[in-house]
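Asks: return a 3D structure for these sequence lines:
(chains A and B)
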Amino acid sequence: MEQSVVVLGVFVQLEALVSAIPKLKDQGWEIRDVYSPVPSHLIEAAVMPGRSKVRLFTLTGGAIGAVGGTLLAIWSSLKWGLITGGKPIISVPPFVIVGFELTLLVGALATVAGFLINARLVSFRKDPHYDSRFSEDHFGLLVTGPSHQQGTISVFLRQAGAAEVHIDEKA
Amino acid sequence: MATYQLSYTDVNRDVLRILRRPGWPYFALLAILILFVSWGAFAWVVQIQRGMGVAGINHPVFWGVYITNFVFWVGIAHSGTLISAILFLLRARWRTAVFRTAEAMTVFAIMTAGLYPLIHLGRVWKFYWLIPYPNQRELWINFRSPLTWDVLAVLTYFIVSSLFLYVGLLPDIKAAHDAVRGWRRRIYGILSLGWRGTVRQWKHFSTAYLFLAALATPLVVSVHSIVSWDFAMSVVPGWHSTIFAPYFVAGAIHSGLAMVLTLLIPIRKMFRMEHYITTDHFENLAKLIVVTGWIMTYAYVTEFLIAWYSANTFEQSIFIYRALGDYAVAFWIMILFNSVIPLFFLIRPLRRNLVTLMVISLMINVGMWFERFVIIVGSLSHEFLPYDWGFYRPTWVEIGISLGSLAWFLMWLLLFLKFFPAVAIAEVKETLLSPAKEH
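Replies: Just a heads-up that it's a prediction; the model follows:
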């Protein structure tokens, strides 16, 4: 198998980076990552179209919370069937409140869990391509291609508007 | 809406500058706050040691300043979520500069509010009885009690608003990490959880943030509704009312917005953030206060109308007592500070002047505290039968704990402002033009 090379193009202009993405894909090169100091719908649409899976986590968590909270209130009331305040053992209005609060609680916990899992966070491995300017005012485009095209990719990135190009042959 | 003439680099520089080592005034202020917190802690220790007798609460007023403070601080928490979540969903871009501080304020206000049920409990070491957990005796909490809903609501609110704050902070913690050296860099590195600002991370971040906002919005409405049901579910005259939930939610936002103003004006000055938090922001907050002030006025009038129209002697008696009885001063402070004074914000120069903004917002804070006092103490001290009437005044223990808790809230806020970016760097950048061509 042919060796591949990772090339990082550092951009100062978001527009230049975004317009380079489809052209890179046409060449058959793979976009490994895009770094940005701000969320950008343009980058997302070009690189990762489609909806985030986090919403499924929220839905599942919310449903578990709603059912779990209501069932906890019902089940625990039945365990100790003592009538208080003249209310029925299974009192619907107050148990709706319990279910409602747990919907939000478990829904929020699941949303955060979904975010961490999908965004591959809580990872402390050092990213060799990350540049501290990516949290300030620069954008990064990380491209993978066959080793022998290393020069072509670099030139392409330069022409597309990259201020700097870094090549990592080890990858 | 405020428009900024700033570059991305300016934002990083200006916001992260706040995190630098502070000067002596900061440490002096922190020391004073810690002193007050210690005083409050001492008062609490005295109460734990000697029992609830050292507090002024006694028959018939069993809910006094502690519960007043609890409701007040839960209320303060609300505007933070209003600004961060509801205005986010409504796409009100002016929130970008102020929402982080408001959100932090929410978390610390709940931390303050959460102390009060524990303090009021007396035997604080039994607090875990309020939490549903499996136990050998199969004893479960009473889910039909509003106090149990309160525990669920306030805990949920604390957890969700903390998560909302933390998730929103991740990109900015990374920016802080990239700008500092030494031990702080290591801590920020751990706290940023490996954030790198990749397209994958941003994509899921945006969705998670949106959903957290969508969950926080109904939560914020439910929390103060539930707090109001602590009162409305009972049969005490002046409490047993169906308007309590919306009345409390509106009051919470009214007091919270005032608190945001009270805190942001000095914070802006202290950390020189005039480029970010502009007079337009203050003006928008002041306009919202006018609206919530009107809702409060409407609720106050409705309460009296209900008492009159119901032809219920006890209900009528309690409202005459509130306006003319032992706590009449508190009542008229409430009317004046919450309903009348905010009307000055209808005059444009007054809502764009820092001095009037500060003075009026402080008055609303005081007025809203007295509103809770009037509702709680004003009702309990004048229930159904004359032999059951009584007068309550707080003791030094209650006052000490109250002031200590105010200092506790401000202390956390002050620490937060030095350790985390107080303005959302990434979100402010979104409102700017991306770096220019000639760069």
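
Asks: is residue B:141 in a helix, a strand, or coil?
Replies: coil (DSSP: H, G, I helix; E, B strand; the rest coil).

Asks: and it, backbone torsions?
Replies: Phi and psi for residue B:141, reported as degrees, to the nearest 10, are phi -70, psi 160.

Asks: just the helices in the stretch 251-400 of chain B please.
Replies: B:279-310, B:313-324, B:328-335, B:348-351, B:354-380, B:396-419 (DSSP state H, counting those that start in this stretch).

Asks: looking at these, which is buried most?
Replies: When those are scored by mean count of other C-beta atoms under 10 Å in any protein chain shown, the highest mean neighbour count falls to helix B:354-380 (a mean of 22). Backbone N, C-alpha and C define where each C-beta goes, glycine included.

Asks: all strands of chain A, in order?
Replies: Remark: strands assigned in chain A by DSSP state E are A:4-11, A:30-35, A:139-146, A:164-168.

Asks: nearest to residue A:133, out of those?
Replies: Smallest distance to residue A:133 across the strands of chain A (C-beta to C-beta): 7.3 Å, for strand A:4-11.

Asks: can you give the strand pairings for that closest one, parallel or anti for each?
Replies: strand A:139-146 (antiparallel), strand A:164-168 (antiparallel) (DSSP bridges).

Asks: as a markdown table, those with mean pLDDT and distance to residue B:135 would be great.
Replies: Shown next, in a markdown table, are those (pLDDT from 0 to 100; distance: least, C-beta to C-beta, whole Å):
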| stretch | mean pLDDT | distance to residue B:135 |
| --- | --- | --- |
| strand A:139-146 | 91 | 54 |
| strand A:164-168 | 88 | 57 |
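
Asks: out of the ones you listed, which one sits most buried?
Replies: It is strand A:139-146: most buried of the strands paired with strand A:4-11 by mean count of other C-beta under 10 Å, with a mean of 22.

Asks: name the residues that touch that strand?
Replies: A:2-14, A:17, A:20-21, A:24, A:27-37, A:129-131, A:134, A:152-153, A:157, A:162, A:171 (C-beta atoms under 8 Å, 6 or more residues apart in numbering or on different chains).

Asks: quick one, it and strand A:30-35 angle?
Replies: When axes from the mean of the first three to the mean of the last three C-alpha atoms, to 10 degrees is applied, the directions of strand A:139-146 and strand A:30-35 differ by 160 degrees.

Asks: from the chain's centre, how far out does strand A:139-146 sit?
Replies: Relative to its parent chain, strand A:139-146 has a centroid offset of 19 Å by C-alpha atoms, centre = their mean, to the nearest Å.

Asks: and for stretch B:278-287?
Replies: 19 Å.

Asks: residue B:117 contacts residue B:73, correct?
Replies: No - with contact defined as C-beta atoms under 8 Å, residue B:117 and residue B:73 do not form a contacting pair (11.1 Å).

Asks: ok, these two, which is more surrounded?
Replies: residue B:73 (26 against 18; other C-beta atoms under 10 Å in any protein chain shown).

Asks: how about the secondary structure of that one?
Replies: Residue B:73, by the three-state scheme (three-state DSSP), is helix.

Asks: is stretch B:246-260 in proximity to chain A?
Replies: No - Stretch B:246-260 does not reach chain A (C-beta under 8 Å from any C-beta of the partner chain); its nearest approach is 15.0 Å.

Asks: average pLDDT for that stretch?
Replies: Mean pLDDT, computed over stretch B:246-260, is 91.

Asks: re the thing from before, any chance of the strands paired with strand A:4-11 in a markdown table, with distance to residue B:199 too?
Replies: Output for those, formatted as a markdown table (distance: least, C-beta to C-beta, whole Å):
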| stretch | distance to residue B:199 |
| --- | --- |
| strand A:139-146 | 10 |
| strand A:164-168 | 19 |
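
Asks: who wins for proximity to residue B:22 among those?
Replies: Of the strands paired with strand A:4-11, nearest to residue B:22 by C-beta to C-beta is strand A:139-146, at 33.3 Å.

Asks: what ranges do the helices span in the stretch 1-150 of chain B?
Replies: Using DSSP H, counting those that start in this stretch, helices in the stretch 1-150 of chain B cover B:8-17, B:24-50, B:65-81, B:87-89, B:99-113, B:115-121, B:146-179.

Asks: can you say which of these is packed in most?
Replies: When those are compared using mean count of other C-beta under 10 Å, helix B:65-81 is most buried, at a mean of 27.

Asks: quick one: contacts for the spatially most central residue of chain A?
Replies: The residue lying closest to the centre of chain A (C-alpha atoms, centre = their mean) is residue A:119, at 3.6 Å. If you count contacts by C-beta under 8 Å, 6+ apart, residue A:119 has them with B:200, B:201, B:203, B:204, B:205.

Asks: tell me the domain ranges of chain A?
Replies: A:4-50+A:130-168, A:54-118 (automatic domain parsing).

Asks: in terms of mean pLDDT, which of the ones you listed ranks lowest?
Replies: Across the domains of chain A, domain A:4-50+A:130-168 gives the lowest mean pLDDT, at a mean of 90.

Asks: of all the strands of chain A, which one is nearest residue B:96?
Replies: strand A:139-146 (20.6 Å).

Asks: name the nearest residue to residue B:122, sequence neighbours excluded.
Replies: residue B:52 (4.7 Å; C-beta to C-beta, 6 or more residues apart in numbering or on different chains).

Asks: hmm, that neighbour is touching residue B:124, no?
Replies: No - Residue B:52 lies out of contact with residue B:124 (C-beta under 8 Å); the separation is 11.0 Å.

Asks: so which of those two has more stuff around it?
Replies: Per other C-beta under 10 Å, whichever of residue B:52 and residue B:124 has more neighbours is residue B:52, with 18 against 14.

Asks: near chain A, which residues of the stretch 1-150 of chain B are found?
Replies: So far as C-beta under 8 Å from any C-beta goes, the stretch 1-150 of chain B lies against chain A at B:7-9, B:12, B:132, B:138-145, B:148-149.

Asks: could you export stretch B:251-265 as CSV, CA atoms only?
Replies: C-alpha atoms of stretch B:251-265 as CSV (Å, rounded to 0.1, in the frame of the first residue of the first chain):
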residue,chain,number,x,y,z
GLY,B,251,-41.1,38.1,39.7
ALA,B,252,-38.1,35.8,39.3
ILE,B,253,-37.2,37.3,36.0
HIS,B,254,-37.9,40.8,37.2
SER,B,255,-35.5,40.4,40.1
GLY,B,256,-33.0,38.5,38.1
LEU,B,257,-32.8,41.1,35.3
ALA,B,258,-32.2,43.8,38.0
MET,B,259,-29.4,41.6,39.5
VAL,B,260,-27.8,41.2,36.1
LEU,B,261,-27.7,45.0,35.8
THR,B,262,-26.5,45.5,39.4
LEU,B,263,-23.6,43.1,38.8
LEU,B,264,-22.7,43.9,35.1
ILE,B,265,-22.3,47.6,35.7
